[in-house]
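Enquirer: need coordinates for the below:
(4 chains)
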Protein chains: 2
Amino acid sequence: MSENKSDTEEQIFEAASRVFQRKGYAGARMQEIADEADINKSMLHYYYRNKDKLFQKVYQREVSRFFPIIFEVLSSEDPLDEKLERLIDTYYGFLNDNPTMAQFIIYEMNQNPDRFRSFIEEKGIHPPAEFARQIEEAVEEGRMDAVDPTQLLISIVGLILFPYIARTMVEVFFEFDEKQFLKFLKERKPFLVDFILSGINYQRP
Amino acid sequence: MSENKSDTEEQIFEAASRVFQRKGYAGARMQEIADEADINKSMLHYYYRNKDKLFQKVYQREVSRFFPIIFEVLSSEDPLDEKLERLIDTYYGFLNDNPTMAQFIIYEMNQNPDRFRSFIEEKGIHPPAEFARQIEEAVEEGRMDAVDPTQLLISIVGLILFPYIARTMVEVFFEFDEKQFLKFLKERKPFLVDFILSGINYQRP
DNA sequence: AAAATATTCAACCAAATAGTTGAAACATAT
DNA sequence: ATATGTTTCAACTATTTGGTTGAATATTTT
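Expert: Residues are numbered from 1 along each chain as shown, chains lettered A, B, ... in the order given. Just a heads-up that it's a prediction; the model follows:
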């Protein structure tokens, strides 16, 4: 065997990922995954046994990709303003390549919180303690307002993710086509950096 | 006939709303709706013909409730700081009574953008022009930073909604039980007012 | 080349789910 | 009280969808 996973197996996996992200677990059809992978339906079962097992694998891979990207940037020792820029760049780059991912993760996570919890615990995925420490330090040094780091972190992530999660809402209410939506995202980076840093009255060390 | 809509008809509608919000269109089962309404399954078809028609009615009612609540508050002539407080109070009150609604609307909206667009246009639902005018006015008068009103509006809505949309994520990563989550939301109001107003360096007229 | 192994798929089957029916119970009007 | 229309539901059918099978084809090993 030349590869660990056959071409077909990977083709199925990627097709399944796309279909599950588009339609969700309940809305996804095994036939649609087979069509998207350009193979016969029985191959799905040959490689992944059943819909549930196939979904679990896709779900776990996507969860494993989605959170560490944010958390890794957050854990660095860069000053907050640089960190924020890197965070936005990194995450918008990722979401641009995976536009349905945020919606997928959030939906399936809420659909089955226990599955999410146990997987996150098993894999040891968690927000870095460094971020809260960095905030507390800046507060002590009088370089920003006293804020709850948890409130701040959730706000930052929410500000970045929201346009992707609620994309249809943004496009419909502001009459954006795809091009205008991308322009909006591009403009959002400087807006967010400024808005967030002003929001906590941050000053560099 | 004493009422326009029979008790049963309304019971079905409310049950359907709960089930569709919990499970989404594809995940909802007609039997589950019948059980939740405590009636026989055939009554669903007697009153609403089929799953799709029942869903449309539920979807349209919820969309009609969800957006106008925000937009009405935004269209008032109150100064921005008071408006923001009212907005947060109003929306957290609403979401507290309807905790699955934000997730539902956003998911089904993304699932079928055309349906969302045409319904929104048909009903004439849109963000109030007054808000953008108010922002532009405050900018002109030098009472806040020059910001794009669209970026600001989406940020405000995102900051409010995000904890509800991503509730499981918040609870898992910060190890919140329900009580702690509610405490978090209570603390979020003053945090957001301060964060947002500082974010744009707002001063009252 | 022959044997062993992996891959492919059309045609099935089984289970889940949406939707229907007709008779019985109930309510209302005359 | 009788007739008329409304509401209810158990049992049923039709359709969709997940899952299986076995024979044919391709690939790899010896």
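Enquirer: switch to C-alpha atoms for all contacts and neighbour counts from now on
Expert: Fine.
Enquirer: alpha carbons only: can I get the longest helix along chain A in PDB?
Expert: Longest helix in chain A, counting residues (DSSP state H): helix A:51-74. Presented in PDB, the C-alpha positions along helix A:51-74 are these (Å, rounded to 0.1, in the frame of the first residue of the first chain):
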ATOM      1  CA  LYS A  51     -23.600   8.100   8.700                       C
ATOM      2  CA  ASP A  52     -23.000   8.600  12.400                       C
ATOM      3  CA  LYS A  53     -19.400   7.400  12.300                       C
ATOM      4  CA  LEU A  54     -18.600   9.400   9.200                       C
ATOM      5  CA  PHE A  55     -20.100  12.500  10.800                       C
ATOM      6  CA  GLN A  56     -18.200  12.000  14.100                       C
ATOM      7  CA  LYS A  57     -14.900  11.900  12.200                       C
ATOM      8  CA  VAL A  58     -15.700  15.100  10.200                       C
ATOM      9  CA  TYR A  59     -17.000  16.900  13.200                       C
ATOM     10  CA  GLN A  60     -13.900  16.000  15.300                       C
ATOM     11  CA  ARG A  61     -11.500  17.100  12.600                       C
ATOM     12  CA  GLU A  62     -13.300  20.400  12.100                       C
ATOM     13  CA  VAL A  63     -13.600  21.200  15.800                       C
ATOM     14  CA  SER A  64      -9.900  20.300  16.100                       C
ATOM     15  CA  ARG A  65      -9.100  22.900  13.400                       C
ATOM     16  CA  PHE A  66     -11.500  25.600  14.400                       C
ATOM     17  CA  PHE A  67     -10.500  26.500  18.000                       C
ATOM     18  CA  PRO A  68      -6.800  26.000  18.200                       C
ATOM     19  CA  ILE A  69      -6.300  28.600  15.500                       C
ATOM     20  CA  ILE A  70      -7.700  31.300  17.700                       C
ATOM     21  CA  PHE A  71      -6.200  30.000  20.900                       C
ATOM     22  CA  GLU A  72      -2.700  29.700  19.500                       C
ATOM     23  CA  VAL A  73      -2.600  33.300  18.500                       C
ATOM     24  CA  LEU A  74      -4.000  34.300  21.800                       C
END
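Enquirer: what's the nearest residue to A:Glu36 if we skip its chain neighbours?
Expert: Distance criterion C-alpha to C-alpha, 6 or more residues apart in numbering or on different chains; nearest residue to A:Glu36, sequence neighbours excluded, is A:Ala15 at 5.6 Å.
Enquirer: wait, that neighbour touches A:Arg29, no?
Expert: No - A:Ala15 lies out of contact with A:Arg29 (C-alpha atoms under 8 Å); the separation is 11.5 Å.
Enquirer: so between those two, which is more surrounded?
Expert: Between A:Ala15 and A:Arg29, A:Ala15 has the larger neighbour count (other C-alpha atoms under 10 Å in any protein chain shown), namely 20 against 16.
Enquirer: so which strand or helix has the more buried one?
Expert: helix A:7-27 (DSSP states H and E).
Enquirer: with A:Glu171 instead?
Expert: Going by DSSP H and E, A:Glu171 is part of helix A:167-173.
Enquirer: next, the buried residues of that helix.
Expert: By 16 or more other C-alpha atoms under 10 Å in any protein chain shown, the buried positions in helix A:167-173 come out as A:167-172.
Enquirer: ok now that helix, how far from the chain's centre?
Expert: How far helix A:167-173 lies from its chain's middle: 19 Å, per C-alpha atoms, centre = their mean, to the nearest Å.
Enquirer: CA atoms of the helix or strand of chain A with the lowest mean pLDDT as PDB?
Expert: Least confident helix or strand of chain A, by mean pLDDT, DSSP states H and E, is helix A:41-48 with a mean of 90. Only the C-alpha atoms of helix A:41-48 are listed here, as PDB (Å, rounded to 0.1, in the frame of the first residue of the first chain):
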ATOM      1  CA  LYS A  41     -23.000   5.100  -2.100                       C
ATOM      2  CA  SER A  42     -21.900   1.700  -0.900                       C
ATOM      3  CA  MET A  43     -18.300   3.000  -0.600                       C
ATOM      4  CA  LEU A  44     -19.300   5.300   2.200                       C
ATOM      5  CA  HIS A  45     -20.300   2.300   4.300                       C
ATOM      6  CA  TYR A  46     -17.300   0.400   3.200                       C
ATOM      7  CA  TYR A  47     -14.900   3.000   4.600                       C
ATOM      8  CA  TYR A  48     -17.000   4.600   7.400                       C
END
